[in-house]
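Trainee: Mind folding the following:
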Amino acid sequence: MKKALIFTVLLCGLFSSAQDEKQSTEIVALNKKATTFFYTQKDSAYVYFNKVYDIAKKNNDSKNLIQTLFSLTGVANYHRDMKTMGANLEKLDSLLVTEKKGHTNFSSTDDYNIYLYFRGAYHFQLSEDSDARKAFEEIILNVNNTADSLQSKTLQSLTSVAHSFLGKIYLSERKFELAKQLYNKNIREILASEDVDQEALYGNFNLLAEVLMNEKKYDEASTYWIKTLKYNQQKNNSNAVIANSFYVAQNFNQLNQRDSALYYLEYAKSVLNDNPVFYPKYHILKSDIFAKNEEYDASLTELEKAVNKIQNTTGNTKALFLASTYIEMGKINDLNGNPEKALSNFRYAEKQFKKVGNRSINELKLLKNKAHTLNGIHEPKYFLASLETVDEAIHLLNDLKPTFKSQQDKLLLIEDAFPIFESGLEAIYMLHASKADDSLLDKAFYFMEKSKSVLLMEALLNTKATKFANIPDNLLRKESQLKSEITFIEKQLNTSKTGNFELEGELFALKNDHLNLIHKIESGYPSYYNLKYRTKVISLEKTQALLDTDELMISFFFGNNDIYAISLDNNSKKITRIPIDSEFETKIKMAYRMFSNPKSDIVVLGKATHNLYKHLLDPILKSDHHKKLIITTDGLLNYIPFAALNTNPEGLTYLAENHAVSYVNSATMLAELRQRQPKEHTILAFAPSFDGTVNITNTDRGKLLPLPNNKKEVEQILTSFNGSSYIDEDASLLNFKSQLSSFGIVHLATHAIFDDAAPEYSYLAFSQKGNKTENLLYVADLYNLQIDADLVTLSACESGLGDLKRGEGFMSLARGFFYSGAASIASTLWKINDASSATLMSGFYKNLSRGDAKDLALQRAQIEFLNTNRDNGLSHPYYWSGFVISGSTVPLATSYNWVYIIIGTIILLTGGFYYFIARKKRRA
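Mentor: Modelled structure (predicted):
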């Protein structure tokens, strides 16, 4: 008898052992006959199982009634006979109610969980994910509430199957990280068992490969699928062979390997055996192969065949399948120069979604493609329709985002939605060009703000929500503890050269506990949920009110086809479109390489950056009174130190010589940061020493060489502000964490190591005293810290760099400090020079102590450095423009001028008072 498989295969082996040994000979014989037809002839299997059912019903044998209904439901599940499966589940529901009235339950815990499995599988097949999720989560809860010693093999197998189904649901919702966690848990447990269930193992390999393909990790996905296909071929699992072959074909098509894709697709067709379930998928995949090679007519023909096949199916899946196919038809018709047909296809898809009722990620895909097609017609009424579509998509996105708990999954959701915002901006730009309606700019600004720093704002709002929602301290402590434990184990796994099943299992359990706790908090405290996930962004008008008369904000959106920029001061606003192509992107990358290399030709760099200036800023900077620029960068623009752009077509004049430049992730974030109450401006400074040895086991992360000037740097900045410094061995991570809350300014003159393979495990290095790995502060650690500093300076290499994510910017150390609550951050864009950094930082802090705003303080320090070194190699932008200031730029100290005025006033008043008294005495 077969064991538990992942989806369509019967769980017959799970409950056959539970059958009563005292059954009549007749029932045993009928069950045996039915089982022989289980996978091949459903009608014959139904006949024999129904005979057993009639006997059990006649004898009021509820146990055999339940077992036989399981068998009938299993056959229907395997053959996707949803009508029969639903009817059998109704009978099981009725039996369950009857049993409850008699103050009993199913004959065993296993039976009840098998019932839950079939209930979940039924809803899953009908794409009723919410109901399916409830059933599978209840199975897992039942297992968690059962002592290990009391868990049967059936219950353990059901847990694995429940995880697999939940993974499929997460996959359909594009929550890839959560899906992978579940599949990897199953794989670990299967491999750790004494008797490895090969069928279950390869089933999970198959599921994991599906997630990897959706993450565009095609080579890795192919490795799993080819192995799984070979296994299923050996076992003659025809349905699994077909599904595997389809996936392999789809994967090869994504890798632009047409011949291989067609080979596996036609191989799948040879195994179909006229099974109607698989034919729509066959035609859709063939359509994809044609579309990849721009054979659009042939692609549409295949999609029409798929629609005809789907029309002959039944159930809720029919509507969703049709909707998905119509979306593909719309995309191909749009590419084929037939937008009206494409819009007709999208309308058909909308009708199908309305039949289903529940809104999903697939509907977002429809709206994204519809907006793109509407813009392509280039008529005002279609641009207006596009704006309505984008509004609807943003509303849907707002509903979907809170359901995504993994940061990685949220990032993928945002990236997938990015073209929606670009379509909205394109429509606005074209409409504004024709009728110059300034209210359209307000809408464009709204779109830009909705696209930016979604996760960072959520983190900032989470802190605020926690304060105002009156969540019990014990829950907050529990969450903090779980986050800390998760980070600790992730660091161990990240630095380990080999896998560790035990640690991976522990990590899975902790993450699951954390998700459950978050769900408990969000469902139990609505005010917390509303504050954390509020979708309101600041308006353009309110942003203007934030700005001083000398400030100009420039918000960039880096799209697939164009860059859009909205520039605004306190009384004017403007939208600019900047066409881009691969050549423009190449110029940005080349400029960054030259900026970060002190040996690059400064004249060549000047010409390159003047070209960038002409494209990005020259159309915008038309007024001399905007001395301060606040820039929200996007995409590759994050690599550019705008202060070092050359504004002079004939020579070298840097933007910093006329403008103070600062950066912020979004206007909404700027407003949030400017609301903060300032702390006492004392400084906590660290300057650890290094001996040039490898700091941790991963040698590819580089050696931590001595920093001869970092102690001097710390000494100099402490002449400008009061505070404490930790030098050499005292500059430990333990001292940093223990002292952090007492200071308003934090300065770290140390090494930063960027890990491009695992960006969250980029780190800042503290002293090498004691356990070396315990003196590394990772980006992931920062998510668990609270740093209320008004300024954090990361005087370390590449502290502002990280994995670049659309709309979110760099996933860097600097960003990590924003997560932990800092109001502003000074960070670096490349491997900085130790000596020049010390000089720059000394000037920066002197200017801050005199009352300069942070952006102005950095600008003046850079100009002073540049003027001092005009005639030598240190004038290269590498030495002075790598530092950037982000966040709130409000001053840290009262201006010395005001201090002098106040002191002078006091002296005059005191002198006047004594003069008055003296005169009075003389008169007396």
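
Trainee: could you show me where the strands are in the stretch 101-250 of the chain, in order?
Mentor: In the stretch 101-250 of the chain, no strands are found when defined by DSSP state E, counting those that start in this stretch.

Trainee: Low-confidence bits of it, can you list those?
Mentor: The stretch 101-250 of the chain contains residues with pLDDT under 70 at 101-109.

Trainee: Then H747 would be within a strand, right?
Mentor: Yes. When DSSP: H, G, I helix; E, B strand; the rest coil is applied, H747 is found to be in a strand.

Trainee: wait, what's in contact with it?
Mentor: Contact analysis of H747 by CB atoms under 8 Å, 6 or more residues apart in numbering lists 683-686, 714, 717, 792-793, 795, 841. From N, CA and C alone the C-beta is placed, and that goes for glycine too.

Trainee: ok, now how distant is it from Y348?
Mentor: Taking CB to CB, to the nearest Å as the criterion, H747 is separated from Y348 by 61 Å.

Trainee: Show me where the stretch 351-500 of the chain has its helices.
Mentor: 361-376, 380-400, 407-435, 439-451, 454-468, 473-495 (DSSP state H, counting those that start in this stretch).

Trainee: outside of the shortest one, which residues touch it?
Mentor: Residues outside helix 439-451 that contact it (CB under 8 Å, 6+ apart): 387, 390, 394, 397, 414, 418, 421, 424-425, 428-429, 431-432, 535, 537-541, 543, 555, 557, 564, 566, 568, 573-575, 632, 666-668, 807.

Trainee: Number of residues surrounding Q254?
Mentor: Per other CB atoms under 10 Å, the neighbour tally for Q254 reads 15.

Trainee: N214 now?
Mentor: N214: 15 neighbours (other CB under 10 Å).

Trainee: Pretty sure it sits against F176.
Mentor: Yes. Taking contacts as CB atoms under 8 Å, N214 lies within contact range of F176: 6.1 Å.

Trainee: related to what we said a few turns ago, which of the contacts of H747 lies closest to F736?
Mentor: F686 (6.2 Å; CB to CB).

Trainee: The one helix or strand that closest one maps to relative to strand 745-749, how many degrees between them?
Mentor: Element membership of F686, judged by DSSP states H and E, is strand 683-687. Orientation check (axes from the mean of the first three to the mean of the last three CA atoms, to 10 degrees): strand 683-687 against strand 745-749 gives 10 degrees.

Trainee: Quick one: distance of the very next helix or strand once past strand 683-687 to the chain centre.
Mentor: Per DSSP H and E, the first helix or strand lying C-terminal to strand 683-687 is helix 710-717. Taking the mean of its C-alpha atoms, helix 710-717 sits 38 Å from the chain's own mean (CA atoms, centre = their mean, to the nearest Å).

Trainee: So which residues make contact with helix 710-717?
Mentor: By CB under 8 Å, 6+ apart, helix 710-717 touches 683, 685-689, 725, 727-728, 747, 749-750, 795, 834, 837-838, 841-842, 844-845.

Trainee: Which residue lies nearest the spatial centre of the protein?
Mentor: Closest to where the C-alpha atoms of the chain average out (CA atoms, centre = their mean) is L411, at 2.1 Å.

Trainee: is it true that L740 touches L785?
Mentor: Yes. L740 lies in contact with L785 (CB under 8 Å); the separation is 7.2 Å.

Trainee: Could you name every residue contacting both of those two?
Mentor: By CB under 8 Å, 6+ apart, no residue touches both L740 and L785.

Trainee: E479 is in contact with I518, correct?
Mentor: Yes. I518 lies in contact with E479 (CB under 8 Å); the separation is 7.4 Å.

Trainee: rewinding a little: single out the most deeply packed of the helices of the stretch 351-500 of the chain.
Mentor: Looking across those with neighbours counted as mean count of other CB atoms under 10 Å, the highest average goes to helix 361-376: a mean of 23.

Trainee: ok, of the contacts of H747, which one's closest to E199?
Mentor: Of all the contacts of H747, E199 sits closest to V792, with 53.5 Å by CB to CB.

Trainee: can you tell me the helix or strand for that closest one?
Mentor: V792 belongs to strand 791-795, assigned by DSSP H and E.

Trainee: what are the pairing partners of that strand, and which direction each?
Mentor: Applying DSSP bridges to the sheet, strand 791-795 is found paired with strand 745-749 (parallel), strand 824-828 (parallel).

Trainee: Okay, now the sheet partners of the helix or strand just after that strand, with direction.
Mentor: Remark: after strand 791-795, the chain's next helix or strand is strand 802-805, criterion DSSP H and E. Using DSSP bridges, strand 802-805 pairs in its sheet with strand 809-812 (antiparallel).

Trainee: Show me what the helix or strand just after the strand it pairs with is packed against.
Mentor: Counting by DSSP H and E, the next helix or strand C-terminal to strand 809-812 is helix 813-819. Helix 813-819 is packed against helix 454-468, helix 779-782, strand 791-795, strand 824-828, strand 883-887, with contacts defined by 3 or more CB pairs under 8 Å, 6 or more residues apart in numbering; DSSP states H and E.

Trainee: among these, which gets the worst mean confidence?
Mentor: Of all the helices and strands packed on helix 813-819, mean pLDDT reaches its minimum on helix 454-468 (a mean of 60).

Trainee: May I see the buried residues of the one helix or strand A268 maps to?
Mentor: Applying DSSP H and E as the criterion places A268 in helix 258-271. Of the residues in helix 258-271, those with enough neighbours to count as buried (16 or more other CB atoms under 10 Å) are 260-262, 264-265, 267-268.

Trainee: swap in stretch 631-648?
Mentor: Here stretch 631-648 shows 631-647 as buried, counting by 16+ other CB under 10 Å.

Trainee: Show the model's pLDDT score for the closest residue in space to F686 that isn't next to it in sequence.
Mentor: Nearest non-adjacent residue to F686, counting by CB to CB, 6 or more residues apart in numbering: A731, 4.3 Å away. Model confidence at A731, given as pLDDT, is 89.

Trainee: With L764 as the reference, measure out to A731.
Mentor: 11 Å.

Trainee: Overlap of the contact sets of these two?
Mentor: T750.

Trainee: so K368 sits right up against E422, yeah?
Mentor: No. Between K368 and E422 there is no contact under CB under 8 Å: 9.7 Å.

Trainee: And for the helix or strand hosting S725, what's in contact with it?
Mentor: Taking DSSP H and E as the definition, one finds S725 inside strand 723-727. In this structure, residues lying in contact with strand 723-727 by CB under 8 Å, 6+ apart are 682-689, 711, 714-715, 718, 732, 735-736, 739, 743, 745.

Trainee: K622 - how many residues pack around it?
Mentor: Neighbours around K622, by other CB under 10 Å: 9.

Trainee: what's the pLDDT at the closest residue to E363 other than its chain neighbours?
Mentor: Excluding the flanking residues, the one nearest E363 by CB to CB, 6+ apart is F353, at 5.4 Å. Looking at F353, its pLDDT reads 88.

Trainee: does F353 really touch L366, like I thought?
Mentor: Yes. Taking contacts as CB under 8 Å, F353 lies within contact range of L366: 7.2 Å.

Trainee: overlap in contacts of those two?
Mentor: In contact with both F353 and L366: A323, using CB under 8 Å, 6+ apart.

Trainee: looking at the chain, which helix or strand does the model trust least?
Mentor: Ranking every helix and strand in the chain by mean pLDDT, DSSP states H and E puts helix 12-16 at the bottom, with a mean of 40.

Trainee: From N144, how far off is the nearest residue to L431 once chain neighbours are set aside?
Mentor: With sequence-adjacent residues excluded and distances taken as CB to CB, 6+ apart, L431 is closest to F383, at 5.1 Å. Computed as CB to CB, the F383 to N144 distance reads 53 Å.

Trainee: neighbours of L733, just the number please.
Mentor: 21.

Trainee: Next up, the contacts around it.
Mentor: 766, 774-777.
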